[in-house]
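**Q** please work out how this folds:
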Amino acid sequence: MSFTLGDVLHTVHGTFKLKRGTIHFDDATGQASGELVVDATSGDSGSKARDGKMHKEILESQKFPEIIFTPQRFKGTLMPSGKSHLDVDGQFTIHGETHPMTLAIEADFGHGTTADTSFDVPYVKWGMKNPSTFILRVNDKVQISIHAVARTTNALTQKPETKAVAGR
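**A** Numbering: from 1, shown residues only. Sure, this is the predicted structure:
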């Protein structure tokens, strides 16, 4: 999982590591289940000072070590092979608070199964501290991008079902 935070002087890029993840899609009912769990303590922007401030003052990652997306339902058609566009509704938990969220996921069940999504986290609106200073002004939203490689299984119906996810 990667993140991008813009400020007036430059843009900060970084990554978080996925701890675990499984999502199940039921094409017959539109229900989704499972969870994606990101290690909040793994956030790395390449600057120890900036990362220390992010973990201590903004994310409080020692107190809130996980960022979790729990899918509940989806819209779209799961194609047994090729590309699918899914809108996945669920709950996004960060910094100890849960927020409704819809992820627009582009999945490809072709040569290797992949899924991609991007979304904004309005961290200031959601109660986290804005790291801006008198001189340095940063955006009040951080953009998250996820690229996942999945294994699909469903022996009974041969329809794709995301079983395990590994991301960057």
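
**Q** just want the most central residue of the protein.
**A** residue 146 (5.8 Å; C-alpha atoms, centre = their mean).

**Q** what about stretch 62-78, how long is it end to end?
**A** In stretch 62-78, first residue to last residue: 38 Å (C-alpha to C-alpha, to the nearest Å).

**Q** roughly how far is it from the heart of the chain?
**A** Stretch 62-78 sits 7 Å away from the centroid of its parent chain (C-alpha atoms, centre = their mean, to the nearest Å).

**Q** convert the longest strand along the chain to CSV, retaining C-alpha atoms only.
**A** Assignment by DSSP state E gives strand 11-26 as the longest strand of the chain. The C-alpha trace of strand 11-26 is given here as CSV (Å, rounded to 0.1, in the frame of the first residue of the first chain):
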residue,chain,number,x,y,z
THR,A,11,5.0,15.7,-2.4
VAL,A,12,5.8,13.0,0.2
HIS,A,13,5.5,9.4,-1.0
GLY,A,14,5.6,6.3,1.3
THR,A,15,4.4,2.8,2.0
PHE,A,16,2.6,0.7,4.5
LYS,A,17,2.8,-3.1,4.8
LEU,A,18,-0.2,-5.4,4.6
LYS,A,19,-0.4,-7.7,7.7
ARG,A,20,-3.1,-10.0,6.3
GLY,A,21,-6.1,-9.9,4.1
THR,A,22,-8.9,-12.0,2.8
ILE,A,23,-12.0,-10.9,0.9
HIS,A,24,-14.9,-13.1,-0.2
PHE,A,25,-17.4,-12.0,-2.8
ASP,A,26,-20.7,-13.7,-3.2
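
**Q** show me the shaky parts of this protein.
**A** Within the chain, the ranges that satisfy pLDDT under 70 run 7-8, 151-168.

**Q** give me that answer again for 80
**A** 7-10, 110-112, 132-136, 150-168 (pLDDT under 80).

**Q** which residues in it form strands?
**A** Using DSSP E, strands in the chain cover 2-6, 11-26, 31-44, 66-75, 82-94, 97-110, 112-121, 142-152, 162-167.
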